[in-house]
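**Student:** 3D, please:
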Amino acid sequence: MSQLHPLKVLNSSHLSEKASLAIQNANSYVFKVSSSANKLQVKKAIESLYKVEVEKVNIVNVKGKTKRTLKNKIRKKSDWKKAYVFLKEGNQIDLSIE
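**Tutor:** Here you go, the predicted structure:
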């Protein structure tokens, strides 16, 4: 298992309707992560960057969509990986842009 730098593991936070409901109801956050990252690397990256305690991490592989171009050619968007990070009680991550 190769060690990735925490900034290489986390690509960005993923904000969607489902992700915002997860933040409100389950104290969990959703991040786009590197396709080679595993649960342990994501947990260590979140704990070191945001200084919080992580309870568990769930990872989902998201398949890229196929799109048609103007000339009726089929293009496929890249597959990517999404991590649901559940925090312990009393911990919170501020994802707002200032």
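
**Student:** where does this protein have low pLDDT?
**Tutor:** Of all residues in the chain, those with pLDDT under 70 make up the ranges 1-2, 97-98.

**Student:** and the longest helix for it?
**Tutor:** Across the chain, the longest stretch assigned as helix under DSSP state H is helix 39-50.

**Student:** distance between that helix and the chain's centre?
**Tutor:** For helix 39-50, the separation from the chain centroid amounts to 11 Å (computed by Cα atoms, centre = their mean, to the nearest Å).

**Student:** Could you list every helix and strand that that helix packs against?
**Tutor:** Here helix 39-50 touches helix 6-9, strand 10-13, strand 28-33, strand 54-62, strand 80-87, going by 3 or more Cβ pairs under 8 Å, 6 or more residues apart in numbering; DSSP states H and E. Where you see a C-beta, it was placed from the backbone N, CA and C, and this is true even at glycine.

**Student:** Go through that helix and flag the buried ones.
**Tutor:** Neighbour-count burial for helix 39-50 flags 41, 42, 43, 45, 46, 47, 50 (criterion: 16 or more other Cβ atoms under 10 Å).

**Student:** and the second one, how far is that from residue 24?
**Tutor:** Computed with Cβ to Cβ, to the nearest Å, the distance linking residue 42 and residue 24 is 21 Å.

**Student:** And for the longest helix of the chain, what's in contact with it?
**Tutor:** With contact meaning Cβ atoms under 8 Å, 6 or more residues apart in numbering, helix 39-50 is reached by 3-4, 6-7, 9-10, 31, 33, 37, 52-54, 57-59, 83, 85, 93.

**Student:** Now do the contacts for the residue lying farthest from the centre of the chain.
**Tutor:** The C-alpha centroid of the chain is most remote from residue 71, which lies 34.0 Å away (Cα atoms, centre = their mean). With Cβ under 8 Å, 6+ apart as the criterion, no residue contacts residue 71.

**Student:** re the thing from before, select only the buried ones of the contacts of helix 39-50 in PyMOL?
**Tutor:** The PyMOL selection below is limited to those of those classed as buried (16+ other Cβ under 10 Å):
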select buried, resi 4+6+9+10+31+33+37+52+54+57+83+85+93
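
**Student:** if we can go back for a sec, which of the three states applies to the residue farthest from the centre of the chain?
**Tutor:** Under the three-state scheme (DSSP: H, G, I helix; E, B strand; the rest coil), residue 71 adopts coil.
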